[in-house]
Structure formats: structure tokens, C-alpha cells
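>>> When you get a sec, could you give me coordinates for this:
(one chain, ligands or ions: 8)
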Amino acid sequence: MNHPIHLNHSLHLISPHGDYAPYICSTCGATVHKDCISLSRIIKSLWHHHPIFHNYFAVKNECGILECGICHEEVNKEHGKYCCSACKFIVHVKCVLEDKSWYYEIASKDAYEKFNENATLVDPTFLVIQENKLDENVINREIKHFSHEHNLVLYDEVRDVKCCDCCSLLIETSFYHCSKCDFHLHKSCAELPTKSQVWFSPLPFDLIPNRFFKCLACDSLHTGFAYNFNGSCWCVQCTERSLSYTSQAHKEHLLLFYNKYNGPCNACGNSIDNGEAYRCKSCNFNVHWTCTLLPQIARHKCDEHSLKLTYREVNDYSEYHSCDICEERRNPNIWFYHCALCDKSAHPKCVLGDYPFIKLGIRISSKTDHSHSLIPVQKVYLYPECSKCGQLCLDLALECAERRCSFIIHWRCSRLKDFIEDHSIVYLIGIKGTDDFFSGVF
Ligand SMILES: [Zn+2]
Ligand SMILES: [Zn+2]
Ligand SMILES: [Zn+2]
Ligand SMILES: [Zn+2]
Ligand SMILES: [Zn+2]
Ligand SMILES: [Zn+2]
Ligand SMILES: [Zn+2]
Ligand SMILES: [Zn+2]
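Numbers count the residues shown, from 1 in each chain. Ligands and ions are numbered 1, 2, ... in the order given. Have a look, this model is predicted:
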């Protein structure tokens, strides 16, 4: 027979019985299992951004680094593999075909490129109201963003401590702001696409703004924008997760994504138990992929300045390192937050608390616990009693948005918590919006 994988000569079946009977080329002696001959020639795998091609035979130096892009073990040159010669990306057949939902067959490279062209034509998330031209650059000074009812204006200078209404993280660079409401977006968050073509799904995810949800990937509670896929929400950071990662903690080499890894985490010191991780094999530097989601900067009432995520202790003059929040011991070799001006250091857990991705002060339209809208709050000095259990609200609580009403409830005592933990999504409403123009819970 003639087969596209070995076009120069024809192949002959040695013995017609059994799955393992190989085809052999009498001219060059190459063999192929009968089973393998039916493998798809081109597939799109979640593990690579280009289509990859099945090769049975060693093609000289076609794929430079012979390390499997999935399990990161060596790929034997003599055996079948899938590769992308442009990127020198190579994977074991068994690794790439392990899970049927990780890949799909494609008829030809042209067919794949056509499919991709269509995917990039997506609706913009904003209309430009006013633009400024600076030399070659066009700057969108004022926009109408699909997430907000008023126009937003671009600012370059950060004066107040504000968090982004998309990702809930602190704003330290250019941002868009509504002059009528307390609504802020990082410039980069305002420019997110309405559809995200993530590597781990063949279908795109849809951007939905102003939600309260639990991320399906990192399990954290979030307020802000979500990417919706099949009714489940993913946080923006999780959809941006890639197959390689540059860490400020290990600038020398690129870290590669491992689906399953066992070993200690250099960020938090705990073990990565067959979990998802980024790893530099040659230096044995490993981090939980969830540890890479720690914000670069954070704030805590213990310090008037922003605290910076720091990877190792530089002031190693002291024997004993402690956390300036909980006062317990702190391992100087794992990541911590630090203010250089005040020389304060603290555990990430102590700085961020349990809910680093919930923006305080936002209005929640859900009526699961109270007849008025509620606002997530974190009281700092005066702690009111929870309307349900009577204990002081020391941690995250929900407070009534109406001035006349003194209702407040622990987050942990609320029905909304169970509702969202069940992966339900709740709409948020603007801080000044008095009319509940959204339909509430769905
Ligand atoms: Zn943001
Ligand atoms: Zn507004
Ligand atoms: Zn997430
Ligand atoms: Zn970790
Ligand atoms: Zn390294
Ligand atoms: Zn400070
Ligand atoms: Zn309570
Ligand atoms: Zn009330």
C-alpha cells in the first residue's frame, strides 16, 4: 500500500493477523504498527497553538528539542510522535491522545487556518468617543464600554487606592474611570476581547461583565468580569494561563506547564501533589500554578503603603523572620509581601485574607439574605454584630446599602455564600445605581 506518512516507497503488511502486525517498507526497512497507521495525520491539540502533524519516522533534526511538550520526558526519535516543525514542538502519541477532549482532528492545514480567521473577527468591547493622536500612536481618551452605562475616561496618573471592576486587583497603571460612579477598569482589562480563544478549549469563552462568581479553575470567589463557558465562569487570570510562564522569581529560564507534578513548591513551601504546576526542570524550580496567581502588589491595614510580592529575603542579617501581621514565624525562602519603606513583611495569606478577588463596596443585586441590595465590607476598627449569629463581623461581611437599615451579616453566615459556592452567578449593580435594572439572581 501507499501511505501519506511514507510517500517514497510502498509499505507491505508482514502478517495479516493481529493488531501488532507491522507494515514494513522493503526499501528502507521502516516499520509501522497496523494500529498506528490509522492515527489522524493532523490534529489540533490543546497543548499547542498550531496544528501538529503525525510523524512515524525520525526526520533529521526536524524537531530540535526531543522532549515531550506534555510529560516533559524524552521522545524516542525512532517512534511515532506529533510535532510542529515551526515551533520545534514535539509530543508522545500516547500523551497527546490520552484524553479525547484535549484534541480534535483536522482535515488539512488550510481548513484549520480558515477556522481560525473567523475566530479572530470578534465584536469590540467598546466604542471610541474621543481619541488623541500622539505621533504615530492613537490613544482612546474616552470610550463607551459595554460593561457600564456611562462613558469612561482614560487616566495615566493614579492618585487614590482603587481596585479594578474587572479583575478586582489594585490599580497602579493607566486606567479608565467613570466620573459619575466609583467604576474603574485597568486599561488592559478594558481592552479584553469579548471572546477568548483559550488553549485548553477548542471553543471560545464569552466575556460577561459585573458578576459575582466562583472561578471553576482556581476555585476563588471573584467580583468583576468573567469568561463564561457552558454556564461556568472562569476568572480572567485563569483564562490567560499559558503553557509557559516567566516568573520574576526565576528570571533565568522559562517555566513550563506540567499537568501533573509531584514535589515541593518554591512559592508557598507546600507540596504539589500530582497537581498543575510550572517547572524549570534543569534548576528544579517548581511552583503551584495557583501560586502564580498571587497579585504583584496588595494592601493591608498594617501598612500605609502598597506591599510588594517578594521572592526571597535580602536582609538576611536576622536569624528569625516573622510575619508583621500574625507575628508567627516566616520561612525566608518562600514568597511574602514586603514594604521596603517600613521594612514590614507578611505571609501572603495574612495580607490577602480569604477573598483577595472580591472588590469591597460593590452593590450586589441578589435578594437571598435581605430585601435591599448588599455591599461586601471588611470592617477595620469598629466591628458591628452579625444580624444572624450575633458575633462581631471581623472578616468579610455583607452590609445593607440603605442608610436607614443597619442589617449586616457575616459572609460565612449568608445564604449568598452557599449560592455562589454552588457555582451560581449573581449580577452586580453599579455603586450609585438605585434602580435594580438587572433581573437579579439567575
Ligand atoms: Zn483589572
Ligand atoms: Zn458610571
Ligand atoms: Zn480563576
Ligand atoms: Zn505553592
Ligand atoms: Zn531554571
Ligand atoms: Zn510601608
Ligand atoms: Zn454571623
Ligand atoms: Zn436593609
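
>>> Next one: the residue of the stretch 251-400 of the chain found nearest ligand 2 from ligand 5, what distance?
The minimum distance from the stretch 251-400 of the chain to ligand 2, using CB to the ion, falls at Arg363 (12.5 Å). Where C-beta positions appear, they are placed from N, C-alpha and C, glycine not excepted. From Arg363 over to ligand 5 the distance is 46 Å, taken as CB to the ion, to the nearest Å.

>>> I figured that residue hits Val426, correct?
No. The pair Arg363 and Val426 does not pass the contact test of CB atoms under 8 Å, sitting 11.0 Å apart.

>>> What is the burial count for the nearest residue to Leu169 once chain neighbours are set aside?
For Leu169, the nearest residue in space outside its immediate sequence neighbours is Pro295; the separation is 5.2 Å by CB to CB, 6 or more residues apart in numbering. Neighbours of Pro295 under the rule other CB atoms under 10 Å: 20.

>>> ok, now which ones touch Pro295?
Shown here is Pro295, whose contacts under the criterion CB atoms under 8 Å, 6 or more residues apart in numbering are Leu169, Leu170, Leu309, Leu352, Pro356.

>>> do you know how far Leu221 is from Phe212?
Counting by CB to CB, to the nearest Å, the separation of Leu221 from Phe212 is 8 Å.

>>> Ligand 2 contacts on this protein?
Within reach of ligand 2 by CB under 5 Å from the ion, the chain has these residues: His150, Cys178, Lys180, Cys181, Phe183.

>>> Which of these fall within strands?
Nothing among these maps onto strands, per DSSP state E.

>>> what residues does stretch 341-358 touch?
The contact list for stretch 341-358, computed with CB under 8 Å, 6+ apart, reads 167-169, 212, 220-224, 235, 268, 294-295, 298, 300, 302-303, 305, 307, 309-310, 315, 321, 323-326, 328, 330, 335-339, 376, 378, 395-396, 411.

>>> buried sites along it?
Judged by neighbour count using 16 or more other CB atoms under 10 Å, the buried positions of stretch 341-358 are Lys344, Ser345, Ala346, His347, Pro348, Cys350, Val351, Leu352, Tyr355, Pro356, Phe357, Ile358.

>>> is it anywhere near ligand 3?
No. Against ligand 3, stretch 341-358 shows no contacts by CB under 5 Å from the ion, the least distance being 8.0 Å.

>>> Can you check the distance spanned by that stretch, start to finish?
For stretch 341-358, the separation between the terminal residues is 27 Å (CA to CA, to the nearest Å).

>>> Okay, domains of this protein per the record?
In terms of domains, the chain is parsed into 39-118, 126-190, 244-288, 363-429 (source: automatic domain parsing).

>>> and the longest one, how far out from the chain's middle?
In terms of CA atoms, centre = their mean, to the nearest Å, the centre of domain 39-118 is found 24 Å from the chain centre.

>>> what does the shortest one give?
How far domain 244-288 lies from its chain's middle: 16 Å, per CA atoms, centre = their mean.

>>> Let me know the pLDDT of the residue nearest in space to the middle of the chain.
The central residue of the chain, meaning the one whose C-alpha is nearest the mean C-alpha position (CA atoms, centre = their mean), is Cys238 at 1.5 Å. Cys238 is assigned 91 on the pLDDT scale.

>>> Which residue, other than its chain neighbours, is closest to it?
Nearest-residue entry for Cys238: Ala217, 3.8 Å, with adjacent residues in sequence omitted and distances by CB to CB, 6+ apart.

>>> Let me know the secondary structure of that neighbour.
Three-state assignment for Ala217 (DSSP: H, G, I helix; E, B strand; the rest coil): coil.

>>> My guess is it contacts Val236. True?
No. With contact defined as CB under 8 Å, Ala217 and Val236 do not form a contacting pair (10.9 Å).

>>> Who has more neighbours out of these two?
More crowded of Ala217 and Val236, by other CB under 10 Å: Val236, with 23 against 19.

>>> Now for the closest residue to that one other than its chain neighbours: which residues touch it?
When the adjacent residues along the chain are set aside, Val236 lies closest to Cys167, with 5.4 Å between them (CB to CB, 6+ apart). Counting by CB under 8 Å, 6+ apart, Cys167 touches His186, Cys189, Gly224, Phe225, Cys235, Val236, Gln237, Phe357.

>>> got it, and Ile325?
Under the criterion of CB under 8 Å, 6+ apart, the contact list for Ile325 reads His300, Cys302, Ala346, His347, Cys350, Val351.

>>> Recalculate using a threshold of 10 Å.
Contact analysis of Ile325 by CB atoms under 10 Å, 6 or more residues apart in numbering lists His300, Lys301, Cys302, Asp303, Tyr337, Lys344, Ser345, Ala346, His347, Lys349, Cys350, Val351.

>>> So which of these belong to strands?
Using DSSP E, the contacts of Ile325 in strands are Tyr337, Lys344, Ser345, Ala346.

>>> hmm, back to that, let's have the contacts of Ile325 in TSV, adding pLDDT.
Output for the contacts of Ile325, formatted as TSV (pLDDT from 0 to 100):
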residue	pLDDT
His300	91
Lys301	88
Cys302	90
Asp303	93
Tyr337	97
Lys344	93
Ser345	93
Ala346	95
His347	96
Lys349	95
Cys350	95
Val351	95
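
>>> What parts of this structure come near ligand 6?
Asp303, His305, Cys339, Leu341, Cys342.

>>> I'd assumed the last one was in a strand, is it?
Right, the one you point to is Cys342. No. Using three-state DSSP, the secondary structure at Cys342 is coil, not a strand.

>>> Let me know the distance separating it from ligand 8.
To ligand 8, Cys342 is 39 Å away according to CB to the ion.

>>> pLDDT at that residue, what is it?
Cys342 is assigned a pLDDT of 93 by the prediction.

>>> Model confidence score at Leu46, please.
Per-residue confidence at Leu46 stands at 81 (pLDDT).

>>> now the strands: where do they sit in the stretch 301-442 of the chain?
Under the criterion DSSP state E, counting those that start in this stretch, the stretch 301-442 of the chain carries strands at the ranges 307-310, 336-339, 344-346, 363-364, 374-377, 397-400, 408-410, 426-429.

>>> can you redo these as a markdown table with distance to Lys94?
Formatted as a markdown table, the entries for the strands of the stretch 301-442 of the chain read as follows, by distance: least, CB to CB, whole Å:
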| stretch | distance to Lys94 |
| --- | --- |
| strand 307-310 | 38 |
| strand 336-339 | 41 |
| strand 344-346 | 45 |
| strand 363-364 | 48 |
| strand 374-377 | 47 |
| strand 397-400 | 50 |
| strand 408-410 | 50 |
| strand 426-429 | 43 |
